[in-house]
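Participant: Here's a sequence, model it:
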Amino acid sequence: MIYILIVLGVLILWAIIIYNGFITLRTRAGEAWADIEVQLKRRYDLIPNLVNSVKGYAKHESSAFENVTKARSMAMGAQGPTKEHAEAENMLTGALKSIFAIAEAYPDLKANQNFLALQNELSDTENKIQAARRFYNSNVRDLNIKIESFPSNILAGIFGFTKKEFFDLADNDVAQNPVEVKF
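Facilitator: Residues are numbered from 1 along each chain as shown. The predicted model follows:
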């Protein structure tokens with residue numbers, strides 16, 4: 001009888017440890033996603049100022065400005081770490097590259113302190129987004145491994161823990177290269 005109680009106690013302790021591990025990993029992934037959202041919001045807030053700075057110099061480039069505005073709206077409307085959200089962010093990155101390409105043609109704009117400050121802020125934000133993506137994806141990887149590994153996969157199924165999606169860049173040139181501006 002005592003052996004049964006010991007085995008039962010060990011099984012309960014094992015289940016508690018595994019369950020708490022899932023909670024920890026899920027919380028870390030949520031925290032990492034929140035970090036991405038903070039950086040994306042910062043990016044969204046910088047874009048209108050950047051567009052307005054460039055607009056004054058390149059009034060005839062309205063389609064590029066419309067593309068940035070549309071891509072920004074789509075990215076802001078995307079929810080959660082989904083493939084659609086990653087695609088919207090990639091579209092925004094591509095649209096921003098077109099704005100910086102326009103800026104190349106205007107020497108006065110390239111020398112404008114406001115534009116340079118915005119460019120530096122956006123570049124810094126892009127770097128922080130990349131770091132936050134890596135952090136999020138590593139946490140998701142750890143959670144997904146635990147969910148799929150035996151014997152913790154048994155408890156994952158019982159308690160309803162599901163795999164999370166990675167926040168990946170698409171396999172295209174725009175997505176693989178960060179916003180880069182050379183002056």
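Participant: Could you pull out the helices in the chain for me?
Facilitator: Secondary structure of the chain (DSSP state H): helices located at 2-55, 62-77, 83-104, 107-111, 113-148, 152-159, 173-176.
Participant: Quick one: closest of these to residue 166.
Facilitator: Residue 166 lies closest to helix 113-148 among those, at 5.0 Å (Cβ to Cβ). In this view, the C-beta of every residue, glycine as well, is placed from N, C-alpha and C.
Participant: OK, contacts around residue 57?
Facilitator: For residue 57, the contacting residues are 103, 106, 108, 109, 112, by Cβ atoms under 8 Å, 6 or more residues apart in numbering.
Participant: Dihedrals phi and psi, it?
Facilitator: The phi/psi pair for residue 57 (degrees, to the nearest 10) reads phi -100, psi -30.
Participant: so how far is residue 30 from it?
Facilitator: 42 Å (Cβ to Cβ, to the nearest Å).
Participant: what does residue 68 give?
Facilitator: 30 Å.
Participant: Looking at those two, which is more packed in?
Facilitator: Using other Cβ atoms under 10 Å as the criterion, residue 68 and residue 30 rank with residue 68 on top: 23 against 13.
Participant: what's the neighbour count on the nearest residue to the more buried one once chain neighbours are set aside?
Facilitator: If the residues on either side of it in the chain are set aside, residue 68 comes closest to residue 95, at 4.3 Å by Cβ to Cβ, 6 or more residues apart in numbering. Residues near residue 95, counting by other Cβ under 10 Å, number 24.
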